[in-house]
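Enquirer: Sharing a sequence plus its predicted fold:
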Amino acid sequence: MKLEGIIPPLITPLLDRDCLDVEGLERLVEHMIAGGIHGLFALGSTGEGPNLSYRLRAELVQRLCQIVKGRVPILVSVTDTAFEESLKMSKVVEEAGADAVVLATPYYFPAGQTELIQYVEHIVAELALPTVLYNMPSLTKVWFEVETLKTLAAQERILGVKDSSDDLEYYSELCGLRSLRPDWSFLIGPEDKLIRSISLGGNGGVNGGANLFPRLFVDAYSAAVSKDPIRSSQLQRKIEALSEIYTIGHYASRFIKGTKCTASLLGLCDDFMAEPFNRFYPEDRAKVAAILEKLNPYSFETPETPT
């Protein structure tokens, strides 16, 4: 399976601490599929995966697969601090009908690179589904170093790497691994670097803003692949304008809060956050609404004609 294009990291619509917003989930998914996305990634950082109960994670994956009905590939994070819990979640994911699992480096206790190689080799051997490795050093505190990935390239059931390091030099080195694994996909997380990443040899993006304006990111990907500099520049400006919603608030959770708040304002789903996070207070919600009004959401879904 080759992963390409825009694969949004699904926000998890909630009504309460352990209650899924099922109607919101369906609206959100249909909104993104109508926008032309190429896949979905559930239970990642944007999806608040580590903050959700195992019961809720299972419900989300099961309902997501029922809604999607095979229209796009579904990737699901099974990252955990405990090896066995990752295996248990992978079984749930497989039985629900998802297409691949996503594995970041275990967090809390930072693993050394030799330990990380052994960990991935052992867990991939027991997973029924193919695996995408996820480099998220700002949260897990451990990188998938390039030399480590060279060793792991021997694992045939690894599909590629999703990188959220925000380091284009590192990402460029990742793309160089194609000499070892021509079949691997390289996907970028930071949305403002989507277009640039394609020119470096990337295959697409796992971009949170695509929950909100999927067509914007699909068009940006297409413009980058077709090497259309004028269109790419226009769409890059729109992506950068949208990123203003991530500047509201002072905590690291502002990226998820900004995305969920905007989704709520667009009528897609509720913006309840899994604890310990909380949704934006009214004053911050008003700031997001003001940004959204200034941006004119409809312009994000309408092709811009050069003048």
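Expert: Received the coordinates, thanks.
Enquirer: can you give me the helices for the stretch 1-150 of the chain?
Expert: Along the stretch 1-150 of the chain, counting by DSSP state H, counting those that start in this stretch, helices occupy 22-34, 54-68, 83-96, 113-126, 137-140, 146-152.
Enquirer: Restricting to C-alpha, output the longest one in CSV.
Expert: Output of helix 54-68 as CSV, limited to C-alpha atoms (Å, rounded to 0.1, in the frame of the first residue of the first chain):
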residue,chain,number,x,y,z
TYR,A,54,-8.9,2.4,25.7
ARG,A,55,-12.7,1.9,25.5
LEU,A,56,-13.2,5.2,23.7
ARG,A,57,-10.3,4.6,21.4
ALA,A,58,-11.8,1.3,20.4
GLU,A,59,-15.2,2.9,19.8
LEU,A,60,-13.8,5.7,17.7
VAL,A,61,-11.9,3.3,15.4
GLN,A,62,-14.9,1.0,15.1
ARG,A,63,-17.3,3.9,14.2
LEU,A,64,-14.8,5.5,11.9
CYS,A,65,-14.4,2.4,9.9
GLN,A,66,-18.2,2.0,9.7
ILE,A,67,-18.5,5.6,8.4
VAL,A,68,-15.7,5.5,5.9
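Enquirer: got the angle for it vs helix 22-34?
Expert: Inter-element angle recorded for helix 54-68 and helix 22-34: 50 degrees (by axes from the mean of the first three to the mean of the last three CA atoms, to 10 degrees).
Enquirer: Torsion angles phi and psi at residue 80?
Expert: phi -160, psi 170 (degrees, to the nearest 10).
Enquirer: you'd agree it is up against residue 89?
Expert: Yes - assessed by CB atoms under 8 Å, residue 80 is found in contact with residue 89 at 6.8 Å. Placement of C-beta: from N, CA and C, glycine included.
Enquirer: if I pick the residue lying closest to residue 30 once chain neighbours are set aside, what's in contact with it?
Expert: The shortest distance from residue 30 to any non-neighbouring residue, by CB to CB, 6 or more residues apart in numbering, is to residue 67 (7.6 Å). Counting by CB atoms under 8 Å, 6 or more residues apart in numbering, residue 67 makes contact with 25, 26, 29, 30.
Enquirer: Of those residues, just say which sits nearest to residue 40.
Expert: residue 29 (7.2 Å; CB to CB).
Enquirer: how close does the closest residue to that closest one other than its chain neighbours get to residue 26?
Expert: Once flanking residues are discounted, residue 29 sits nearest to residue 67: 5.0 Å by CB to CB, 6+ apart. Separation of residue 67 from residue 26 (CB to CB, to the nearest Å): 5 Å.
Enquirer: Tell me the pLDDT of the residue nearest to residue 30.
Expert: Looking at residue 67, its pLDDT is 98.
Enquirer: and it, how far is that from residue 101?
Expert: 19 Å.
Enquirer: before we move on, what about residue 66?
Expert: 19 Å.
Enquirer: between these two, which one's more packed in?
Expert: Neighbours around residue 66 and residue 101, counted as other CB atoms under 10 Å, are more numerous at residue 101. The numbers are 26 against 11.
Enquirer: in terms of contact, does the more buried one touch residue 74 like I think?
Expert: No - counting by CB under 8 Å, residue 101 sits too far from residue 74 to count as a contact (10.2 Å).
Enquirer: residues making contact with stretch 276-296?
Expert: Here stretch 276-296 makes contact (CB under 8 Å, 6+ apart) with 48, 51, 241-242, 244-245, 248-249, 253, 256-258, 260-262, 265-266, 271-273.
Enquirer: repeat that with 6 Å
Expert: Contacts with stretch 276-296, where a contact means CB atoms under 6 Å, 6 or more residues apart in numbering, come from 241, 244, 245, 248, 249, 253, 257, 261, 262, 265, 271, 273.
Enquirer: Same check on stretch 193-201?
Expert: 172, 175, 188, 205, 207, 220, 224, 232, 236.
Enquirer: Mind putting those into a markdown table with pLDDT?
Expert: Output for these, formatted as a markdown table (pLDDT from 0 to 100):
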| residue | pLDDT |
| --- | --- |
| 172 | 98 |
| 175 | 97 |
| 188 | 98 |
| 205 | 98 |
| 207 | 98 |
| 220 | 97 |
| 224 | 98 |
| 232 | 97 |
| 236 | 97 |
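Enquirer: And those residues, which is closest to residue 44?
Expert: Among the contacts of stretch 193-201, and counting by CB to CB, the member closest to residue 44 is residue 207, at 11.4 Å.
Enquirer: Fine, thanks again, bye for now.
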